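Participant: how does the following fold in three dimensions:
(2 chains)
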Amino acid sequence: MARLIAASRRDVELPPYPLIVFILVPLLALGLQSFVSLHFQRFDILDLPLLVTIYFAITQRNPITGTIAGGIIGIAQDALTRQPLGIFGICKSIIGYLAASLGVRIDTENHGTRALLTFGFVFLHSGMYWLLVRRLLAQPYAWSWVHELIRAAICTVVGVILFSLLDLAKRKEY
Amino acid sequence: MESFFSRYKNALVLIAVLLAQVIGVAIQVRRPLPKEHAQPDAGGVRLIRYWAISLVSPPERLVHWLGSSILGVWDNYLDLIHVRQQNKDLQSELQRLRIEEGGIIEDARQGQRLQQLLAFKEKYVYQTTPAQVIGTSGTEQSRILSINKGSKDGVGVDMPVITPDGIVGRIREVFPHTSQVLEITDPTSGAGVILATTRIRGILRGNAVGQPQVVNVMPDERIKAGEPVITSGGDQIFPRGLSVGVVDRVSTDPDHDPLVDVVIRPAANLAQLEEVLVITNMGDVVTPKQKLDMIQSEAAADSEQLRASEILAERLPSRVDPDSPKTDDENSDDSADAEGEGIARPMRPPSALHPDRFTPSTTPTAASLTPGARLAPQSEGTGSITASTPKPHASSPASAPDNGDATETAVAAPKKKPEMVPDDGSRPPASMTARPASASTTTSTHAAATSADRAPTATMPATSSHATTTAGGGTVTPPEAGANGSSTSANGPAVHSAAGNRAAPGAATHSTTTAGGSTTTPTKPAASSTTHTAIGTGTSPTGTAAVHAATPRPAASSGDGATPEVKTKVIVDGPLPSAAKKSATTTPASTTNSGQQAPAAQKQQAPGTQPAQRKSPELVPDDGSRPPPTMLQKPKPQPQQATPAQTQPQGGRQ
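Facilitator: Just a heads-up that it's a prediction; the model follows:
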């Protein structure tokens, strides 16, 4: 359990990534999600913006940054859809907040921890999205446990790999 | 207070962010409106969406460009391994495909042809067998095709070979798996054809250059190029109505002037035949109507041909020998019925069951004849006819069965259109030719100088009397009512008197033709079973008379339903006394072919036992066809002045 908690206070306060990474990675995630789904329809089971949100949240370990980053990424994702702006924003804001909050308390460098967090956050994101669509927008949305679990599993696998790739962009000087 | 915000800063930020977004969603989400009142996003939402898209689109385009570039590099540069080998393979495949393409095109064409052939076969009523042409004779002299169907496939000799376009020919030789087809362009071929517009019939043969032509056609200005030619069905090989071709031109026949040959352009492409149809069976599907049409057409063709022959004979008088003995063939052209109910029969080669001296086959050869001698016995002046009158054994009751056999007897009798010959030996006009009716009973007696003999003569039912003609401008008087038909000549030395009885209903009396400007006075025709008397031998200027007795069986329309045909013609040269004529007129009674009628007829043989009720004779057109309705009307009574003097027996030649 000790390993899941943040190693030091300094690691939490110091931003590990340059600003350009915070800007390009979410945009690239949105672009890939849109482009790949165009040619490979099954690719839409992934949610790259969500994975990016989770990654930046747990690595930043700042709930406010995670909330705002999640909100911006979510609203950008809503802009590419037909639904009102804010649905994905609300979901990803909460995910960013929770991920950043957990990232302060546990060690997010472990791949297992990342996998569990990713699985939980993806499933939670699906639940919140369903809730907002069905209750807030009153629109039909079919809920399937199996499908959502599979989605969470796939996103977990891809997220662990993606997180490892994004770890390469971390600052090494400190 | 400060510590509260500091302590719950993260949560408050979250709540603020969520609240802001919820408010934003609430602003965007309105009550659903009808589609006609639906509005797009508000200006602020659209602006946010525009920003988002503008923000996301560049990376999307970047990703798209990267993806396209990578795929392009891969496809155009990296993934070119084995391209050279693939190119070689494609080249060889292209060559192979080109070869196959040629075969496929040919197969497609063949398929189209076969489809047309199949469509033609489906609508064709006869049973056909498709065949492929596998060879030709290879010479211009022999227009022969070889097909891949033989006797194993049901192909037989003389089966017609056709295409959807027209006829091709007929089967000449049949082998187990192949057959030879004699094309219509071969000079040895023959097909009965008819010009569709002018209805001119003829025989189609090939000429020396391989063109089919209708040979020996009377010149007719109506024959124009382009006139369709179809099969007539008269050859009994090709079904009637099949397309043969169109008239190409009309050329004179140097060997048969003034006849012409009509060159035909065949409808079927005989030079490039690949698939043909062999009609293997067509007899089962010929309807009675078609058969009737065919036979009527044949009868018309025979009439036309006969007329053409007469015209030709007139133009070529050297061919006419008035002194030549006439044969019984002249009486056999009975292709028209009297009432129109029966079916006329086409001419067929006769074969005499009981040949007599008049049978062509029994005619002595020219080498055995003595110049000037006559074959038929003749008597001068008043003589007995018994010695010279041949018995009509061909139509005797004993020899003629009731129904069916009578037909055979009729077939056995030589059939030929009768012909009258005037006294002067010149060729009689066409009006003198009388044509006997088929399916009729004929009993006639021609007696010279015996017109006064009007004694009732007993005959069998459905017999007929014929008042015949004279030559030399004589006037034929109508026979008196109740008397036998007889005619005399005003100044002619010979008088043909036909004595027949019309005891039974349905009997017919015919007053036939005259020659030399004589007047024919027909009387009202009798009932349906009219008969036509064949006028036999002509009389010579020296006073030779002829007695012509023909005793066929009852007509089908008035008889027992059968259509037997029995004709007996008795020709006696020389003057005929009244007694002899009586004897001669009794012979028809014995020639009945009905067993039931024979006793009655024998009873009627006794002269005077039954008063002859004169029925109106019937005029027969010169072409042998059925008399027109106008001729069937009752004629006006003839002047009386001709009867007394002219009906007196002449007692011999003058």
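
Participant: got the residues of chain A near chain B?
Facilitator: The interface of chain A toward chain B, taken as C-beta under 8 Å from any C-beta of the partner chain, is made up of A:24, A:27-28, A:30-32, A:34-35, A:39, A:63-64, A:67-68, A:71, A:75-76, A:78-80, A:84-87, A:89-90, A:93-94, A:97, A:100-101, A:132, A:136-137. C-betas here are computed from N, CA, C, even on glycine.

Participant: identify each buried residue in the longest helix anywhere in chain A, please.
Facilitator: The longest helix of chain A (DSSP state H) is helix A:145-167. Under the neighbour-count criterion of 16 or more other C-beta atoms under 10 Å in any protein chain shown, helix A:145-167 has A:148, A:151, A:152, A:155, A:156, A:158, A:159, A:160, A:162, A:163, A:166 buried.

Participant: now stretch B:204-219
Facilitator: Across stretch B:204-219, burial judged by 16+ other C-beta under 10 Å covers B:204, B:205, B:206, B:207, B:211, B:212, B:213, B:214, B:215, B:216, B:217, B:218.

Participant: what's the neighbour count on the residue of chain A found nearest chain B?
Facilitator: Chain B sits closest to residue A:79 of chain A, with a gap of 2.4 Å, by C-beta to the nearest C-beta. For residue A:79, the count of nearby residues is 22 (other C-beta atoms under 10 Å in any protein chain shown).

Participant: any low-confidence regions in the chain?
Facilitator: No chain in the question, so chain A it is. Across chain A, the ranges flagged by pLDDT under 70 are A:1-16, A:38, A:171-174.

Participant: hm, I was asking about chain B
Facilitator: Using pLDDT under 70, chain B drops low at B:1-2, B:30-49, B:52, B:56, B:59, B:121-125, B:138-141, B:283-287, B:290, B:316-654.

Participant: domain ranges for it, per the record?
Facilitator: Annotated domains of chain B cover B:89-123, B:127-281, B:287-363+B:411-640 [automatic domain parsing].

Participant: check contacts around residue A:51.
Facilitator: A:29, A:118, A:155, A:158, A:159, A:162, A:163 (C-beta atoms under 8 Å, 6 or more residues apart in numbering or on different chains).

Participant: swap that for residue B:268, please
Facilitator: By C-beta under 8 Å, 6+ apart, the contact set of residue B:268 is B:162, B:163, B:165, B:166, B:167, B:168, B:245.

Participant: mind running it again at 6 Å?
Facilitator: With contact set as C-beta atoms under 6 Å, 6 or more residues apart in numbering or on different chains, residue B:268 has these partners: B:163, B:165, B:166, B:168.

Participant: quick one on the thing from earlier: out of the residues of chain A next to chain B, which are buried?
Facilitator: Buried among the residues of chain A next to chain B (16+ other C-beta under 10 Å): A:27-28, A:30-32, A:34-35, A:63-64, A:67-68, A:71, A:75-76, A:78-80, A:84-87, A:89-90, A:93-94, A:97, A:100-101, A:132, A:136.

Participant: dump the residue contacts of residue A:137.
Facilitator: Counting by C-beta under 6 Å, 6+ apart, residue A:137 touches residue B:29.

Participant: quick one, phi psi at it?
Facilitator: Torsion angles at residue A:137 (phi, psi; degrees, to the nearest 10) stand at phi -90, psi -10.

Participant: over to residue B:247?
Facilitator: Dihedral angles for residue B:247 - degrees, to the nearest 10 - are phi -70, psi 130.

Participant: let me see the contact set for it.
Facilitator: Going by C-beta under 6 Å, 6+ apart, residue B:247 touches B:225, B:227, B:262.

Participant: tell me what it is bridged to.
Facilitator: Taking DSSP bridges as the rule, residue B:247 bridges to residue B:264.

Participant: also the one 5 residues further on?
Facilitator: Beta bridges link residue B:252 to residue B:260, judged by DSSP bridges.

Participant: pretty sure it is in contact with residue B:260, am I right?
Facilitator: Yes. Residue B:252 is within contact range of residue B:260, at 5.4 Å (criterion: C-beta atoms under 6 Å).
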